[in-house]
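*Asks:* for reference, the sequence and a predicted model appear below.
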Amino acid sequence: MKKIAVIVAGGTGTRMGAGLPKQFLLLKNKPLLYYTIDTFLRAYDDLDIVLVLPEVYTDMGQEIIDAYFDKDRVRITIGGISRFESVKNGLQLVDDEAIIFVHDAVRCLVSPELIRRCYEQAVETGSAVPVVPSSDSVRLLTEDGSDALDRENVVLVQTPQVFHSKLLIPAFSIEQKGKFTDEASVVEAFGMKVSLVEGEKNNIKITHPIDLVIAEQLLNGNPA
Ligand SMILES: Nc1ccn([C@@H]2O[C@H](COP(=O)(O)OP(=O)(O)OP(=O)(O)O)[C@@H](O)[C@H]2O)c(=O)n1
Ligand SMILES: C[C@](O)(CO)[C@H](O)COP(=O)(O)O
């Protein structure tokens, strides 16, 4: 089955507050985006990438591709106003039947093993959504305060979220209502179930400045 990774790097990194979008910040002298693309290309020789970038940063993205990667394996498209719109734009470049990996560019510590685990599950069941347990206690905010949840019944959701194109592409024709924060919720809003797979603690989403410090430690082989 054809494999396509839609790597979304169309955000501006408001919470990081760095000026430059966080996907271009350096980690051990290479842009964060480099690690994400490199891991996907290494996971499977027959996997191609659709890289979604903010319009004003397409040249910077192309420079990274030209410097490090086989440019025949990476196509660039423009992001949208929300993550949902960016994924939707990326999916427009998928024209054949495929297994599609949607991944946050800023989860740059994803491993080839996780990518392969998700692929195998998606081939079997049509979908694979990686999750990890919460090590913190969890509460649900209510109108009059908050309720404790049993954390054994709660998981934290990561990417890559992987689907058969026959499932994901029709799901993204749905009108965006409220906020879809991931592909699993789009597919469910379309009326389909998703299957979960074991994610990885190290597969953090670089969001705040502290995450860069943690990522550098992990890249150096130190436990966080
Ligand atoms: N319009 C958007 C918004 C986000 N993303 C991507 O989705 C991933 C997860 O988003 P997030 O961590 O929220 O990134 P930003 O939107 O850049 O950050 P912030 O919310 O702090 O502005 C990132 O790789 C980001 O580039 C995207 O492709 N298009
Ligand atoms: C897709 C995601 O990484 C799953 O945890 C997350 O929902 C993205 O959220 P963000 O606010 O766009 O960073």
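*Replies:* Received, thanks. Ligands and ions are numbered 1, 2, ... in the order given.
*Asks:* which elements pack onto the longest helix along the chain?
*Replies:* Taking DSSP state H as the criterion, the chain has its longest helix at helix 112-125. Helix 112-125 makes packing contacts with helix 32-43, strand 99-104, strand 127-133, strand 161-164, strand 196-198 when contacts are defined by 3 or more C-beta pairs under 8 Å, 6 or more residues apart in numbering; DSSP states H and E. Every C-beta, even on glycine, is put in place using the N, C-alpha and C of the backbone.
*Asks:* as JSON lines, these with mean pLDDT, mean neighbour count and distance to Gly79 would be great.
*Replies:* Converted to JSON lines, the helices and strands packed on helix 112-125 look like this (pLDDT from 0 to 100; neighbours: other C-beta atoms under 10 Å; distance: least, C-beta to C-beta, whole Å):
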{"stretch": "helix 32-43", "mean pLDDT": "98", "mean neighbour count": "21", "distance to Gly79": "13"}
{"stretch": "strand 99-104", "mean pLDDT": "98", "mean neighbour count": "26", "distance to Gly79": "12"}
{"stretch": "strand 127-133", "mean pLDDT": "98", "mean neighbour count": "20", "distance to Gly79": "22"}
{"stretch": "strand 161-164", "mean pLDDT": "98", "mean neighbour count": "26", "distance to Gly79": "17"}
{"stretch": "strand 196-198", "mean pLDDT": "98", "mean neighbour count": "15", "distance to Gly79": "27"}
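*Asks:* could you dump these into TSV with distance to Ile64 added?
*Replies:* Output for those, formatted as TSV (distance: least, C-beta to C-beta, whole Å):
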stretch	distance to Ile64
helix 32-43	6
strand 99-104	16
strand 127-133	25
strand 161-164	23
strand 196-198	29
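*Asks:* the residue at the greatest distance from the centre of the chain and ligand 1, how far apart?
*Replies:* If you look at how far each residue of the chain sits from its centre, by C-alpha atoms, centre = their mean, the farthest one is Asp144, at 34.8 Å. Using C-beta to the nearest ligand atom, to the nearest Å, Asp144 is found at 30 Å from ligand 1.
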